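Asks: What follows is a protein structure lacking sequence information:
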């Protein structure tokens, strides 16, 4: 792509709008409701391209022409139901196959985080189970582990991500247990090889996971109503959900669990004799290390004397699962990850109601929860862009996959050699690579000194937005759109569909609106794109200048994509 004045002006324009204006249209749905009794809307008999593309923006890693047609054919519910039945490809299998490939030329090769990133981009960009892939990402931002911790094994991280995907449409209770027992969560939040208390040495059980499983993965720190609003006492103060005593007592439950071993010993508890299975199979109980003291937490008491740590773990997780806070706490975060940063209380309530009872008396059915979120009237309102408080900042990694999918970008090597994109000068985000257990951004983040902050609106993704990351994103996308991205520009697009219409600037703008803005491009942005595209002249054919014509058409296509993807209209998913 030519580095002409268009791009320098656009970078400045993007930074000015994204930072000074603060991506101010981000926010939550203002749609009303009746506290949870309104059923999901009946899908319209005929869906437009815009209707389909908006669902795909929320439920996938980006619309494609084929998926737009699929949604229009099947309808909202039909497409969602078809997606619920699809399975993701295995990241662990990819890692193992990739290691074998690397060892063909280097017998001592080992896996690195880049091999996990490769499988993430591959399956996100090309996988058919798009809804599962997207929900998997959302869950990874709630049940956080990070490859930035040197103790987290790459194969183990791949299997952890597979586990999230396998449970994406299962039951939350099962997911909670598999997260709790996965060795990579055990390593990351330090409850693997957690030992019972010892008064003689002053040792107490590690409380890290006991605290975070409540704070971040289940009930949160303040009691909630079913609609996600904070419960308050008679004095108007928020009511806390747990105490330090709850943490310390729950920590005793998470003692005695450590590495899987076919023949467990004190040595394998400490990590000796680990095999490949040890990193990917659930932790097992070593009874001699499990606390036998009484444990009181969240209103439940486990009597002293038991060495059955598995039974105590199940009781603890059942107690958490049945806490009244779980439905609104989890539902609001899933809505934030998929649809809007500030869902109305009615929206959260409808989702919570589905979590509490899936219609068959089952609690925690995530398939029903996800279906409810995506079919809700607030999510499906194609006119939500008229609300100044509906929407969310698009996550950087989703912007990249959106480009790959919309414009048919492919990997020259087949391995999607796009390595870590966490640096602020790149995307500022990589999957399973957050700087802490609190993810790259917290669900309750309110950006200070912005119009959003003044209105006390949440904008989680804004936590990684600043002057540096805006410029980094603009520069990264300029490179990707222009010449490709990754090692050797491995991932690139040839813009076949765009080049075919690039002689018509208005048709090209329509294409951008369809693929990137679900038909909602403003007249202002359209005028800018048309003017800029038309400034790239297409020479008259002479019979010997086809290469020059082709270059002009390609540059027009790239410019239209770039202008759209750095615009505030695109950066905020409405």
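Replies: Thanks, I have the structure now. Because the structure is predicted, anything quoted here is derived from the model rather than measured. Numbers count the residues shown, from 1 in each chain.

Asks: what ranges do the strands span in the stretch 451-574 of the chain?
Replies: Assigned by DSSP state E, counting those that start in this stretch, the stretch 451-574 of the chain shows strands spanning 491-492, 572-573.

Asks: Save the ones you listed as JSON lines, and put in mean pLDDT too.
Replies: Output for those, formatted as JSON lines (pLDDT from 0 to 100):
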{"stretch": "strand 491-492", "mean pLDDT": "98"}
{"stretch": "strand 572-573", "mean pLDDT": "96"}
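
Asks: Turn those strands into a markdown table, columns for distance to residue 256 and mean neighbour count.
Replies: In short, each C-beta sits where N, CA and C put it, glycine included. A markdown table is the format used below for those (distance: least, C-beta to C-beta, whole Å; neighbours: other C-beta atoms under 10 Å):
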| stretch | distance to residue 256 | mean neighbour count |
| --- | --- | --- |
| strand 491-492 | 46 | 23 |
| strand 572-573 | 45 | 24 |
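
Asks: Residue 85 is nearest to which of those?
Replies: strand 572-573 (26.1 Å; C-beta to C-beta).

Asks: out of the strands of the stretch 451-574 of the chain, which comes closest to residue 376?
Replies: Closest approach to residue 376 among the strands of the stretch 451-574 of the chain (C-beta to C-beta): strand 572-573, 15.7 Å.

Asks: how far does that closest one sit from the chain's center?
Replies: How far strand 572-573 lies from its chain's middle: 15 Å, per C-alpha atoms, centre = their mean, to the nearest Å.

Asks: got it, and stretch 330-338?
Replies: Counting by C-alpha atoms, centre = their mean, stretch 330-338 comes out at 10 Å from the chain centroid.

Asks: Same check on stretch 80-87?
Replies: How far stretch 80-87 lies from its chain's middle: 18 Å, per C-alpha atoms, centre = their mean.

Asks: outside of that stretch, which residues touch it?
Replies: Under the contact criterion C-beta atoms under 8 Å, 6 or more residues apart in numbering, stretch 80-87 has outside partners 59, 74, 128-132, 169, 367, 370-371, 374-375.

Asks: any chance of the strands of the stretch 451-574 of the chain in JSON lines, with distance to residue 210 too?
Replies: JSON lines is the format used below for the strands of the stretch 451-574 of the chain (distance: least, C-beta to C-beta, whole Å):
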{"stretch": "strand 491-492", "distance to residue 210": "42"}
{"stretch": "strand 572-573", "distance to residue 210": "35"}
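
Asks: rewinding a little: show only the entries of the contacts of stretch 80-87 found in helices.
Replies: 59, 74, 130, 131, 132, 367, 370, 371, 374, 375 (DSSP state H).

Asks: count of neighbours near residue 233?
Replies: Counted with other C-beta atoms under 10 Å, the neighbours of residue 233 add up to 9.

Asks: Surely residue 430 touches residue 420?
Replies: Yes - using C-beta atoms under 8 Å, residue 430 makes contact with residue 420 at a distance of 5.0 Å.

Asks: So between the two, which is more surrounded?
Replies: residue 430 (25 against 18).

Asks: need the contact list for that one.
Replies: By C-beta under 8 Å, 6+ apart, residue 430 lies in contact with 117, 397, 420, 421, 422.

Asks: Quick check: closest non-adjacent residue to it.
Replies: residue 422 (4.3 Å; C-beta to C-beta, 6 or more residues apart in numbering).
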